[in-house]
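In: Pasting a predicted model and its sequence here:
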Amino acid sequence: MRREIPRSPRTIRRRGEERQQQSRWDIILKSGPFLISLVGLFTSLTGLVLTFAVNGPSAIKNAEIFTEWYRTDQDLTGRWTNTSEGDIEPPAWSVSDENAVFLNMHAYGGEVSGEFVSTNVCAINSYSALNVGGRIRGNEVDAYLWDYIGGKKLILAGLHFRIDRGIHEMDVDVVRQVKGLLPASFRLGRRSSVYDDGQDHHPGDNTSDSERTQYRGRLCGVLPGTASMASARETD
């Protein structure tokens, strides 16, 4: 066996080659965990993409439903009446059935919308309910009733709602109105927490049998004749 000469060119070259080979292994060993993590991340992303491709539409729909629920004021949304068919006890009525009121309201994103029917409204316009708009301020709502008359949007009444969320009742003060349209004040009880938009969303629901159709027919069908809304005068 040839004796190794420490400073000979051959020994120096061999030791250099050994160091290079060792450096390569060090790099591989140090990079191993990173490469494994990178492969794992790629696998996870691939699985996520595949999962979203399969379940994406359902996930998006569920997110939309949750957003709709979150932004909807559940205590205000629903159908309200001041008759014996509401959740309000008869002694608490502010007006009688002769001035029956039906409010179909949707509260969403700090605003209210919907429609309003009453015996007095039917006396003026038996063909359609009045539209509802307004803004929510805690347990109060500044609302208004409006309709298109002669192609123009006209506000026919300004209302102030004070809601008792615990018992699902609201007191309504009429701030201004077309003369004779509404009593000065009245109280409503919530009949249902479901807003009736007149569309067939659920099996068994029928637009022709919707509550607003029932109430409109009940309140308006017994009244003789109609008058022109445009001829009514506004009063405070």
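Out: Done, it's in. Because the structure is predicted, anything quoted here is derived from the model rather than measured.

In: L156 is in what secondary structure piece?
Out: Element membership for L156, per DSSP states H and E: strand 152-164.

In: Which secondary structure element of the chain has the lowest mean pLDDT?
Out: Ranked by mean pLDDT, DSSP states H and E, the weakest helix or strand in the chain is strand 234-235, scoring a mean of 38.

In: thinking again about what came up before, neighbouring strands of the strand holding L156 in the sheet, and parallel or not?
Out: Sheet pairing of strand 152-164 (DSSP bridges) gives strand 140-149 (antiparallel), strand 169-178 (antiparallel).

In: Quickly list the domain ranges of this protein.
Out: 1-71, 78-235 (automatic domain parsing).

In: picking that back up, and the strand holding L156, what's buried?
Out: In terms of neighbour count (16 or more other C-beta atoms under 10 Å), strand 152-164 has its buried residues at 155-161, 163. (Each C-beta comes from the backbone N, C-alpha and C, glycine too.)

In: Of these, just say which sits nearest to E111.
Out: F161 (12.9 Å; C-beta to C-beta).

In: Give the bridge partners for the closest one, please.
Out: With DSSP bridges as the rule, F161 is bridged to V141, V172.

In: hang on, it packs against E169?
Out: No - at 10.5 Å, F161 and E169 do not qualify as touching, with contact defined as C-beta atoms under 8 Å.

In: tell me the contacts of E111?
Out: Shown in contact with E111 (C-beta atoms under 8 Å, 6 or more residues apart in numbering): 133-136.

In: would JSON lines of those with pLDDT, neighbour count and distance to G109 be doable?
Out: Below are those laid out as JSON lines (pLDDT from 0 to 100; neighbours: other C-beta atoms under 10 Å; distance: C-beta to C-beta, whole Å):
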{"residue": "G133", "pLDDT": "96", "neighbour count": "15", "distance to G109": "13"}
{"residue": "G134", "pLDDT": "96", "neighbour count": "21", "distance to G109": "12"}
{"residue": "R135", "pLDDT": "94", "neighbour count": "13", "distance to G109": "10"}
{"residue": "I136", "pLDDT": "92", "neighbour count": "19", "distance to G109": "9"}
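
In: wait, which of these is closest to T43?
Out: When the contacts of E111 are ranked by distance to T43 (C-beta to C-beta), I136 comes first, at 48.5 Å.
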